[in-house]
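[1] sequence first, then the predicted structure, then my questions.
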Amino acid sequence: MNNALIADRLDAFASLLELSDANPYTVRAYRRAAETIRGAAVPVADLVRSGRVRDLRGIGPGIEARLRELVETGAIAELEELERELAPDLVGLGRYLGLTARRSVEIARALGIRTADELREAAADGRLRSVPGVGPKTEARLLEALAREDEPRPKRGLLLNRARDLVEGIAAALAQPGLALDSSVAGDVRRFRDSCEHLAVACSTQEPGPVLERFSTLPQIVALIEQDEQRAVGVTVEGVPVELVVAGPHRFGTALIRATGSAEYVAALEPLPDGTDEHAVYEALGVPWCPPELRERAFRGEPPALVELGQIRGDLHSHTTWSDGRASVEEMGRAARERGYEYLAICDHTPAVGAVTGLTPDDVRRQAEEIGAANEVLAPFRVLRGIECDILPDGRLDLPDDVLAELDWVQASVHGGQRMPRREMTARVEAALRNPHVSCLSHPKGRYIGRRPENELDLERVFEVALEEGVALEVNGLPDRLDLSGDHVREALEAGVEIVCSTDSHSVRGLGNMELAVATARRGWATAEQVVNTRRLSRIVARRSG
């Protein structure tokens with residue numbers, strides 16, 4: 001039993017616990033455990049058997065017991081009981097139609113049904129009106145929704161990290177001997193969109209039937225809403241649709257381009273010839289191969305040499321236990337060194353952030369001692385003294401200049417007051433960028449994807465000031481930020497402003513978000529020369545002193 005399968009079962013367990021109104025903390029604990037297991041570098045089943053699985057962060061005795069049951073028996077009894085009781089395929093269809101999970105279960109119990117197909121039959125037989133609380137209007141709405149079940153509908157976006165976990169797990173499960181010859185993530189995830197609506201997997205196979213059958217039985221998929229000979233659309237228990245496209249080996253490249261999208265980009269290439277892989281298709285078209293991140297709009301030209309993850313030499317925004325991080329300075333530095341980096345900037349918060357502990361001037365100087373000790377151990381790797389310094393409402397910084405002058409790297413950040421009017425917000429940030437000690441503006445637009453919109457900051461004016469002052473702008477790799485966005489990255493680069501790809505990591509695992517930061521920069525057409533932290537340590541230090 002591999003890590004992906006174990007993580008999928010814990011995710012399914014978490015989803016069904018949530019449907020059964022379990023303690024939210026328990027649900028989150030199982031989801032975090034699934035995330036940890038999916039990213040573990042060693043086989044978790046071996047850790048379970050050796051009694052060492054609790055060495056993994058977030059695995060306590062309760063989750064350990066479930067893991068042991070899963071590894072030893074191949075199943076979790078309570079999960080199977082919840083699947084029998086809650087009928088996840090029915091819940092998934094209900095959510096797809098706009099019902100809450102609780103309401104789907106109530107309808108199922110009232111009708112004595114257990115599956116999505118039985119719900120369709122009950123609706124067609126006119127039995128919905130017998131359910132308490134379902135009047136003529138509700139029945140008509142559900143019948144109309146079922147009649148339009150196969151039609152395209154507005155989709156709910158998933159954060160990129162969650163969408164990647166979902167479709168990568170599906171692609172891996174289909175890439176098994178006797179099934180797909182090749183299996184690839186496609187859709188919005190392959191283009192690294194920050195909010196993913198079109199989730200897709202493309203497979204190459206001589207025999208579509210077994211692949212489609214396997215897709216329908218995956219733990220991630222609870223119901224099929226469409227299927228033909230070479231395509232299926234399933235939904236998860238959360239009601240998220242996932243498309244599977246299968247093609248013969250001779251035309252897999254063609255299918256992958258179409259499944260990757262975007263629709264506008266593909267339409268500009270049509271008609272597509274058959275090709276075994278993407279490069280063969282592009283060669284037949286006489287068009288240069290295009291990185292998926294650039295396939296949002298029609299484009300047939302020569303793409304630039306985009307920045308690569310392997311060109312990143314360090315991370316310039318991370319946190320430790322001095323503020324709201326979960327690892328020490330040395331632990332973060334060691335983990336960054338293991339990634340092949342030359343440097344890592346520790347940028348803990350300052351007091352004005354409010355929600356968490358912030359460093360005072362005395363704290364900053366005491367932290368310097370710990371950073372110095374870590375550098376003795378980790379040399380020639382370098383832990384840089386940094387700070388994520390709040391920009392106060394009047395544009396002043398939250399630490400005095402004499403303290404900021406001691407540091408190697410200063411991130412200036414707006415946290416509170418994100419709803420400021422455009423003029424006031426822009427003046428606030430401009431004043432901070434004029435401070436000679438500021439190196440980079442953190443998450444400039446202040447968004448939380450799907451939860452909080454961008455602030456009113458005038459980026460055009462910020463670009464002008466940043467260029468004048470030699471301040472870089474951050475591409476923040478936290479999955480719910482990805483700020484600057486790809487579009488804003490392109491605007492910044494066109495204005496001549498340099499960017500920094502950072503993780504804003506609060507844990508060792510969080511350093512892995514560099515992949516998302518780099519992908520977002522690539523969506524903005526960034527090359528390595530335009531990204532500050534592709535440079536060697538000596539140039540980073542010289543940039544600060546110069």
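    The structure has been received and is ready for your questions.
[2] the residue positioned nearest the centre of the chain in helix, strand or coil?
    Residue closest to the mean C-alpha point of the chain, counted by Cα atoms, centre = their mean, is Asn161 at 2.0 Å. Using DSSP: H, G, I helix; E, B strand; the rest coil, the structure places Asn161 in helix.
[3] that one contacts Leu516, doesn't it?
    Yes. Distance between Asn161 and Leu516: 7.1 Å, which falls inside the contact criterion (Cβ atoms under 8 Å). Heads up, the C-betas are built off the backbone N, CA and C, glycines and all.
[4] anything in contact with each of the two?
    Applying Cβ atoms under 8 Å, 6 or more residues apart in numbering, one finds that Asn161 and Leu516 are jointly contacted by Pro479.
[5] tell me the contacts of the closest residue to the residue nearest to the centre of the chain other than its chain neighbours?
    If you skip the residues right next to it in sequence, Asn161 has Pro479 as its closest partner in space, 3.9 Å away by Cβ to Cβ, 6 or more residues apart in numbering. Taking Cβ under 8 Å, 6+ apart, we find Pro479 in contact with 159-162, 449, 513, 516.
[6] Gly239: which of these is nearest?
    Each of these was scored against Gly239 by Cβ to Cβ, and Arg162 proved nearest at 13.7 Å.
[7] how much space between the closest residue to the closest one other than its chain neighbours and Arg28?
    Taking Cβ to Cβ, 6+ apart as the measure, Arg162 lies nearest to Pro479, with 7.6 Å between them; neighbours along the chain are not counted. Distance, Pro479 to Arg28, by Cβ to Cβ, to the nearest Å: 16 Å.
[8] Leu344 now?
    Here Leu344 is placed at a distance of 28 Å from Arg28 (Cβ to Cβ).
[9] quick one: contacts of stretch 84-99?
    Outside stretch 84-99, the residues that touch it by Cβ under 8 Å, 6+ apart are 12, 15-16, 19-20, 100-101, 103-105, 107-108, 113-116, 118-119, 142, 145-146, 149, 222-223, 225, 235-239, 241.
[10] average model confidence for it?
    This predicted structure assigns stretch 84-99 an average pLDDT of 72.
[11] and that stretch, how far from the chain's centre?
    On the basis of Cα atoms, centre = their mean, to the nearest Å, stretch 84-99 sits 25 Å off its chain's mean C-alpha point.
[12] now swap in stretch 4-11 and tell me
    Remark: stretch 4-11 is offset 18 Å from the chain centroid, using Cα atoms, centre = their mean.
[13] pull the residues that contact it.
    30-31, 33-35, 37-38, 44-45, 63, 66-67, 70-71, 76, 79, 165, 168-169, 172-173, 218-220.
[14] now swap in stretch 175-188 and tell me
    Stretch 175-188 is contacted by residues 163-164, 167-168, 171-172, 174, 190, 195-206, 210-211, 214, 243, 245-246, 249, 252, 256, 259-261 when judged by Cβ under 8 Å, 6+ apart.
[15] filter those residues to the buried ones?
    Using 16 or more other Cβ atoms under 10 Å as the burial test, the contacts of stretch 175-188 include 163-164, 167-168, 171-172, 174, 190, 195-196, 198-205, 210-211, 214, 243, 245-246, 252, 256, 259-261 as buried.
[16] pLDDT weak spots in this structure?
    Filtered on pLDDT under 70, the chain yields the residue ranges 21, 86-88, 101-102, 149-156, 544-546.
[17] how about Ser485, phi and psi?
    For Ser485, the backbone dihedrals are phi -80, psi 170 (criterion: degrees, to the nearest 10).
[18] check contacts around it.
    Applying Cβ under 8 Å, 6+ apart, one finds that Ser485 lies in contact with 194, 445, 520, 523-524.
[19] and the gap between it and Leu119?
    Spatial separation of Ser485 from Leu119 under the definition Cβ to Cβ is 39 Å.
[20] C-terminal to the longest strand along the chain, what's the next element?
    Taking residue count as the measure and DSSP state E as the definition, the longest strand of the chain comes out as strand 382-390. Next helix or strand after strand 382-390 toward the C-terminus (DSSP states H and E): helix 401-404.
[21] which secondary structure elements does that following helix contact?
    The elements that helix 401-404 packs onto, with contact taken as 3 or more Cβ pairs under 8 Å, 6 or more residues apart in numbering; DSSP states H and E, are helix 361-378.
[22] can you check what angle separates the helix it packs on from strand 382-390?
    Here the directions of helix 361-378 and strand 382-390 differ by 160 degrees (axes from the mean of the first three to the mean of the last three Cα atoms, to 10 degrees).
[23] which residues outside helix 361-378 are in contact with it?
    322, 328-330, 333-334, 337, 346, 348, 359, 381-385, 387, 399-400, 403, 406-407.
[24] buried sites along it?
    Within helix 361-378, the residues scored as buried using 16+ other Cβ under 10 Å are 363-364, 367, 370-371, 374-375, 378.
[25] extract the CA atoms of that helix and return them as CSV.
    Written as CSV, here are the backbone C-alpha positions of helix 361-378 (Å, rounded to 0.1, in the frame of the first residue of the first chain):
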residue,chain,number,x,y,z
PRO,A,361,14.0,45.3,18.5
ASP,A,362,15.4,43.4,21.5
ASP,A,363,14.0,40.1,20.0
VAL,A,364,15.6,40.8,16.7
ARG,A,365,19.0,41.2,18.3
ARG,A,366,18.6,38.1,20.4
GLN,A,367,17.5,36.2,17.3
ALA,A,368,20.8,37.3,15.7
GLU,A,369,22.6,35.1,18.2
GLU,A,370,20.7,32.0,17.2
ILE,A,371,21.2,32.8,13.5
GLY,A,372,24.9,33.2,14.1
ALA,A,373,25.0,29.8,15.9
ALA,A,374,23.1,28.2,13.1
ASN,A,375,25.5,29.6,10.5
GLU,A,376,28.5,28.1,12.4
VAL,A,377,26.9,24.7,12.0
LEU,A,378,25.6,25.0,8.5
